[in-house]
Each structure stands twice: as structure tokens, then as C-alpha cells.
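Participant: Need a 3D model of the sequence below.
(chains A and B)
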Amino acid sequence: MATALDPHAAIVTGATGAVPTLTTADGRPLARALVRSSRRARRRAFLLVLPLLLFVIVTFVIPIGQMLHRSMYNDGFSANMPQLSQWFADNPGADPDDAAWAALAADLTTAAGNKTIGVVGTRINYDMPGTRSLFTSTGRKARNGFEPPYRESLIEADAKWGDPVLWRVMRNASDAYTSNFYLAALDRTRDENGNIVRTAEQQQVYVMLFKRTLVLSLIITATTFLLGFPIAHLLATLPMRKSNLLMILVLLPFWTSLLVRTTAWMVLLQQQGVVNDLLVWLGVIGNNQRLQMIYNQAGTIIAMTHILLPFMILPLYSVMRTINPSYVRAARSLGATSWTAFRRVYFPQTLPGLGAGALLVFILAVGYYITPALVGGSSGQLISNMIAMHMTETLNWSMAAALAALLLGGVLVLYWVYDRLVGIDNLKLG
Amino acid sequence: MKKALVLTTAMSVLCTAAGAQDVKSINVESWGGTYSKSEVEAYNKPFAAKTGIKVNMIDSDNPATPLKAQIEAGNVTSDVFDVEVSDAIRLCDEGKLVEIDPAILPPAPDGTPATEDFLPGTLLDCAVPNILWGTVIAYDTTKFPDNPPTTAADFFDLEKYPGKRGLPKSVKRTVYLALVADGVAPDKVFDELRTPEGVDRAFAKLDTIKKDVVWWEAGAQPVQLLADGEVVMTTVYNGRIFDAIVAEKKPFEVIWDGQFMDMNMFVIPRDAPHPEAAMEYVKFATATEQLAEQAKWISYGPSRKSSNPLIGKYNDGVTEMAPHMPTREEHMKTAVMDDPEFWADHDSELSERFATWLAN
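Facilitator: Prediction:
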């Protein structure tokens, strides 16, 4: 038997003798040594990907986390009205008493002094439109503070302070964490008893826009497929020289600025545009029957189909190139019609490319913003335009975050469904 | 544009590093087009000549948008912003702007203090006005040679004046017109809008032309839409249409009835990179001579009384500016004055309703 001192010995029998334990030359169990050395290798590999990981965390995970947090967190009221917020926390469900009025008066005076009263008003205004000026105007009167009794002096400053709805809204906002933005993003609100109800009809827009975004994205995915499939097939089957030329024609628009392509569609499609001029000149339509092809849903579909087409063609092309033409030939020689050969033999082999292209186009279309904004008119607006409006105009970033989170969630659900139906492993990007 | 932004940001960072005393350049954000050009000619060039501080002009469709976004993101990169009154008031209330004491503004040439020289009620806690401007209706004269439209009501009359209309995708610049066209007196527009029925009335009136409207967003678009023949009538900022009519000799005509009067103001964000140079710029730009000089480049009315007598001809040397000024007495008769307080309260609510109305 070799001893542990023998440098060439790798296998020794354990002391008990029953189960042989593998050890290294210096006597450590082999399994542990292996784990250690592979751990070192793994650590080194981890160090290699660390920069990328940090980059992804800093530029992707943290911002999205912040966005999700913002969608349910808004401390505009609670941070600037601390005493009243405390009173709400201490007295759940109670009507405002003298202490509440005193807290309100004190908070208003402080907020006016700190110039944060506008922030408070903006927060309450989200839930109860028309109240922002109540805060700012009372704030102007509050510069010298209020005299007790506070209830009377505040109501004298503005009768709206006595409104029970306002107090309910303030109580609601006194907790920085709220689901109100998600409710609003689903066209829902809370009634006076706290039940979730639909918003007034003239304010219901988001659910409709989510649906429209989904439908238009599906239509655009379908049209890119119908247009892209024959082109990809042509590219894959033509001789190299010709297919390269064709490929440049596919890629050239891909390299052109998005704005340039969108504006080009405006020039082509508008009522006094190139296409209408041509149709009138050919006598297809009269001068007063010019078609409305832009500033509506048709404009959005046409321009976005064109812009997203390469994302369908390229994965399809890369998959089609690898399909061996002898399969179809074999099918034909065994008596299949060309349609059957295509349907049963060729098309199933393109599915991984089709899946990748469809997923790419659909996900890009769902979040598209600039093209619908420019050519969509009023009926071609998507949910992303609403997110942009809340980001830049109304500055209700919590609302924008809630809408974006719902959109993100929707895309993840669709991705999951896709994985179950097609299988993400079957995806081939190139 | 983006490159310029990165470049100027980098430059301003470098300048900050070099010390506040030694400011080489400041960033001013404005509205673009002919208007930015008028500011470059009347304010920026003379300011650079006088102080040696270069002014970088950054354009957007509405400078309040980048201003709000920069404040919200905690990364203010520009020093002076040219914004509308409602935005100036709102941001001032939220404590995001530097307060400007009117006493430090230069007096008129005859010695009248600034507080009396500016039009009454236009000086705010955090903002100094520079110009008054109107959103007016303009039409293509070749489309209506015999019986041209003359009133706001004609804008909504599709039978008498068939053709597409251009309107901005903004609730603020559409509802007033609907109410004036529906017969509301210009000075009662905001009283009407404060009632729910009044808002319904405005949207009902907008409904009557909705299918014939081409919506625009940037100030340069309506002029382009008119020139392309995409619309026969549109609302437009009066300086832009003046430029198209006088400088580019387009066959357009202005309807002053129901013009929407607004004011542009200079504000300095609290976290501006160069607050002192920014203050110098605001003082310089809103002096009597500079405001009068600006009117040579664009037909917007100066906010100082003492500037008016100094207004002469357009820079072509022929066109008298006075008849094109939105502040001319006969143009003011049926003008709707903006009500910033109303928008501070109802902007979000009505913007959402407008977006809903638009999308349905």
C-alpha cells in the first residue's frame, strides 16, 4: 500500500478501511481540493465579468429599482407636513379635532417658510385637482402664522379647508407608500368609503391605451413578418453577390437616423405629399379625395413597420441560411407539392428565427415613443406617449413610473407565455 | 444637438472647476427658431461683448420641460431658462428658483425705477418678464380669396371655410379658443373654465372640428403645415407667422380676434452652475435697450413701457413693427389674458382630460 508520504500516491485507503478516500499528494481530501481550486478559477472568472455586472447594476438594475420604488412612494406630503402626518398615524379613522387643526396650521406655516408648500400642493393636486392653489394661497397668508382657534382661522383663510374629501385625500397622502398611482394607471380610484371603483368616464384612458398598444404592436409584428419573410428567404437563397447587394438595401435604412426615416414618411404620406400627388396624377383618386394616411393609426403602423422591419429580417435570414435545401428537394422528390414542402418541411425550420424576430419587434413596438408622437396624430398614440407626458409635462413621475412598471410587467408576462409556448431555448438571433 | 449639450455641459463643469469668479460661458435655454435668434442678436452678443462671458443657447419646444426634468433629476446644467408665467410661478412656489429682487434691475433711461417701468403685475418673486406674445390664428389667403375668415368663430366653421385646421397638442392653447369661438367674452374665459360645465362646453366645441385637426407640437410646425398646404388655417405663435409673412413672403394672414396673450420670463434655477453670471445676464437682457432691440428681430411686445418708443423697423429696414405687435391696442381688445393661477391648479387635471379626449 502506498503511504501518504509517497508523492505519487493519489489513492489511499481511509483509516477505517471501508470506504476509500481520495486525497491529494499533501494529504488533503481530493474533493475539497478540487472545490478549492475550482473556486479560485470561478473567482477569477467572476472578476472578469465584474465590470459588466457593475455596469448593469448601475445603469439598469438601480434605475429600474428606483423607478419601481417611485411608482408606490411619494413623500411630497408626508415629508413636508410632519405634524399632521403624525396626527393621521396616531388617530386612524378619526375626524379632525383641535390637535389636527393645530398641526395643519403649524405645518402650513413651516412649509410656507421653507418654500415647500408648492410640493405639498402638487402632491394633493394629483388626487384632488384644483387644490394646489389652496395650499399656495394659504401659504402666502401663513407667512405670519395663524392665530388659534386654528379651525376657524384656516376656514376663514379658505373655506375649502373644511371639505371632508380634502381631509380624506390628505390622510391618504400622509403615508408616503401608496397604491394610488397603480390604481390610477388602471383607470381606478377610491370612493369615500375606500372601495376601489372606476374613474369617471371622461378620465378613463390608460386601459384603452394599454389595449391599443398591445393590438398595434401585434399588427406591426404581423406586418413585419408578412413583408420580411419573403425578403429574408430571397436573401438566403440568392447567389452571394446579389444577396449582398440586397442586404445593403435592408441595412441602409437600419443605419439611417430614426428621425430622418420618420420625417421621410411624413413627406411621403401627408395629404399634399408624394404618394397622394402620385395617386391624383394617375387619376386613381380625385384632388379632393386625398387619402389621410398619416397623423392616425395607419401612419403609426406604416412608419413603425418600416422602422422595425430589419429586426424581423435579420434573425429570419440567419436561420434560413443554415437550412439545407436538400430537405425541400427530398420532400418534393417524395411527392409533396411545393406548398406542402414549404409548410411541412421549410417553414418549421424557420421557426427559431421567426420567434426571435417576432419577440424583438413586438417588445420594441410596445415601448415605441418618438414615431407615434410624430406621425400618430391623436388616434395613433401609444401608452409610451402618456408616460412621456407624465415625465415632461405634468411632472407626475410617480404616475409615469406606475405606467412604466405595468408595461414592464405586461412584457414579462408575454415573455413567460412565449417561453411556455415556444420555448426560449428555441430562440435564434443569428 | 445632443453633442452640443454634452459639450456645453462639459464646458460648464470645467468652468465651475476653474472657480466661480472666472465664468467663461453660461447656458441659456430658450424656445428655438426665430425667437432664439432674436435673443442671440439682442441679448447674447452684446452681453458677450460687454462682459466677455459667452452665452450658449440651448433650444427646446418648451424650456420648462428640461428645467423641470433637470431639477427633478438633481442635475441642473443651465443657468437661465426662458419660461412661461405659470411655470415660473409654480417652480417658485416649490422653492426651486432664485428669488430676484426687482430693485437690482436697471431703471429706465429716464430714471424711472424698474418696478414702475415693467407692465403692472408682471414682475414676480423669481422671474423677470422679457416679452409678451400672442397665439393667433393664421390662414392661407390663396384658399379663401373672396370671403376671408375674420373671427375665432370662423376657425370652427367648417362649412363656410372647409379644410384642415392646425391646433397645438396642448390643452392650454386650445380650450380658450373653443370658448371664445362659442361666444364667451375673452375676459370671462377662465371664469367659465373654473366651472365643470365650462370645461365640458370647451371640449364639446373642440369635438365639432376634432376630425379635421392636424395636431402640432413644436412652434415651427404650424408654419410648415400652412406652407405645405396640409392645413388651411392654424393657430400659431404670432412671431413665427410674422417671420413667414414678412421675411419669407408667404401668402398668409393673421386673425387677431381671440389671441391668447402670454408672457415669457427669465428664471434662474436655485442650483444653477453660475448663479452670479446668470443674474448679470437677466439684468442685462431685460434692460430697456435690449428689449427694444429684440423687437427688431421678432414681433413680440417688450415688457417694459420705456422700450416701446424705441421700437422701429424690422431688420429689413422697411417693415414697421408696430402693426405686427400683439400688444397693439386694437389687437388687445379681444385678447384672452393667460391666468397662471388657474393653470397651477388645473394643468395636470386638464392635460390628462385633454390627452384622454385626444386618444379616444
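
Participant: what mean pLDDT does the lengthiest helix in chain A have?
Facilitator: As assigned by DSSP state H, the longest helix anywhere in chain A is helix A:206-237. For helix A:206-237, the mean per-residue pLDDT is 94.

Participant: If you count neighbours, what's buried in it?
Facilitator: Using 16 or more other C-beta atoms under 10 Å in any protein chain shown as the test for burial, helix A:206-237 gives A:206, A:209-210, A:212-214, A:216-217, A:219-221, A:223-225, A:228-229, A:231-233, A:235-236. In short, each C-beta sits where N, CA and C put it, glycine included.

Participant: go on, stretch A:30-49?
Facilitator: A:A33.

Participant: Can you pull the residues of the stretch 301-430 of chain A lying near chain B?
Facilitator: A:373, A:377-379, A:381, A:386, A:389, A:391-397 (C-beta under 8 Å from any C-beta of the partner chain).

Participant: Kindly present these as TSV, with separate columns for neighbour count.
Facilitator: Formatted as TSV, these follow (neighbours: other C-beta atoms under 10 Å in any protein chain shown):
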residue	neighbour count
A:A373	19
A:G377	21
A:S378	19
A:S379	16
A:Q381	26
A:M386	23
A:M389	22
A:M391	20
A:T392	17
A:E393	19
A:T394	21
A:L395	21
A:N396	23
A:W397	21
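
Participant: Go through these and flag which are in strands.
Facilitator: Among those, no member is found in strands (DSSP state E).

Participant: quick one: which helix or strand includes B:F342?
Facilitator: Using DSSP states H and E, B:F342 maps to helix B:340-359.

Participant: now that helix against helix A:206-237, angle please.
Facilitator: 50 degrees (axes from the mean of the first three to the mean of the last three C-alpha atoms, to 10 degrees).

Participant: ok, which stretches of the stretch 151-300 of chain B are helices?
Facilitator: Secondary structure of the stretch 151-300 of chain B (DSSP state H, counting those that start in this stretch): helices located at B:152-155, B:175-181, B:189-193, B:196-207, B:221-228, B:238-242, B:275-285, B:288-294.

Participant: Spatially, which residue comes closest to the closest residue to chain A within the stretch 201-350 of chain B, not counting chain neighbours?
Facilitator: Relative to chain A, the nearest point of the stretch 201-350 of chain B is B:E349 (3.4 Å; C-beta to the nearest C-beta). Among residues not flanking B:E349 along the chain, A:P129 sits closest, at 3.4 Å (C-beta to C-beta, 6 or more residues apart in numbering or on different chains).

Participant: and if you look at B:T65?
Facilitator: Nearest residue to B:T65 in three dimensions, chain neighbours excluded: A:T392, at 4.6 Å (C-beta to C-beta, 6+ apart).

Participant: For that neighbour, give me its contacts.
Facilitator: By C-beta atoms under 8 Å, 6 or more residues apart in numbering or on different chains, the contact list for A:T392 reads B:T65, B:K68, B:A69.

Participant: Swap in 10 Å and give it another go.
Facilitator: Applying C-beta atoms under 10 Å, 6 or more residues apart in numbering or on different chains, we find A:T392 in contact with A:A400, B:S60, B:D61, B:N62, B:A64, B:T65, B:P66, B:K68, B:A69.

Participant: Also B:F260?
Facilitator: Applying C-beta under 10 Å, 6+ apart to B:F260 gives the contacts B:133-136, B:172-174, B:176-177, B:180, B:186, B:189, B:235, B:237-238, B:326, B:335-338.

Participant: quick one: it from B:A244, how far?
Facilitator: B:F260 sits 19 Å away from B:A244, going by C-beta to C-beta, to the nearest Å.

Participant: And A:A402, by the same measure?
Facilitator: Separation of A:A402 from B:A244 (C-beta to C-beta): 42 Å.

Participant: Have a look at the two and say which one is more surrounded.
Facilitator: The neighbour count for A:A402 versus B:A244, taken as other C-beta atoms under 10 Å in any protein chain shown, is higher for A:A402 (27 against 21).

Participant: Just the C-alpha atoms of stretch B:320-337, please, in CSV.
Facilitator: Listed next in CSV are the C-alpha coordinates belonging to stretch B:320-337 (Å, rounded to 0.1, in the frame of the first residue of the first chain):
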residue,chain,number,x,y,z
GLU,B,320,-42.8,99.0,-39.5
MET,B,321,-43.0,96.7,-36.4
ALA,B,322,-45.9,98.5,-34.6
PRO,B,323,-48.8,96.9,-36.6
HIS,B,324,-47.5,93.4,-36.0
MET,B,325,-47.2,93.8,-32.2
PRO,B,326,-49.5,91.6,-30.2
THR,B,327,-49.6,94.5,-27.6
ARG,B,328,-51.1,96.9,-30.1
GLU,B,329,-54.3,98.4,-28.6
GLU,B,330,-56.7,97.1,-31.3
HIS,B,331,-55.2,93.6,-31.1
MET,B,332,-55.7,93.6,-27.3
LYS,B,333,-59.4,94.3,-27.4
THR,B,334,-60.5,90.6,-27.8
ALA,B,335,-57.3,89.1,-26.4
VAL,B,336,-57.5,86.3,-23.7
MET,B,337,-55.0,87.0,-21.0
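
Participant: Buried residues, that stretch. List them.
Facilitator: By neighbour count with 16+ other C-beta under 10 Å, stretch B:320-337 contains the buried residues B:M321, B:H324, B:M325, B:P326, B:T327, B:H331, B:M332, B:T334, B:A335, B:V336.

Participant: cool, stretch A:401-420 as well?
Facilitator: A:A401, A:A402, A:L403, A:A404, A:A405, A:L406, A:L407, A:V411, A:L414, A:Y418.

Participant: of all those, which comes closest to B:V214?
Facilitator: A:L403 (26.7 Å; C-beta to C-beta).

Participant: can you tell me which residues contact the closest one?
Facilitator: A:71, A:181-182, A:184-186, A:206, A:209-210, A:383-384, A:386-387, A:389-391, A:396.

Participant: give me that answer again for 7 Å
Facilitator: Applying C-beta atoms under 7 Å, 6 or more residues apart in numbering or on different chains, we find A:L403 in contact with A:A185, A:Y206, A:I383, A:M386, A:I387, A:H390.

Participant: mind checking how far it is from B:A277?
Facilitator: Applying C-beta to C-beta to A:L403 and B:A277 gives a distance of 40 Å.

Participant: now do A:L53
Facilitator: Distance of A:L53 to B:A277, given as C-beta to C-beta: 42 Å.

Participant: ok, these two, which is more surrounded?
Facilitator: Applying other C-beta under 10 Å to A:L53 and B:A277 shows that B:A277 carries more neighbours, namely 24 against 11.

Participant: Please name the nearest non-neighbouring residue to that one.
Facilitator: Spatial nearest neighbour of B:A277, chain neighbours left out: B:V23 (4.3 Å); criterion: C-beta to C-beta, 6+ apart.

Participant: What number of residues are in the vicinity of the residue nearest to B:P168 when sequence neighbours are not counted?
Facilitator: Leaving aside its chain neighbours, B:P168 sits nearest to B:W216 (5.6 Å; criterion: C-beta to C-beta, 6+ apart). Neighbours of B:W216 under the rule other C-beta under 10 Å: 22.
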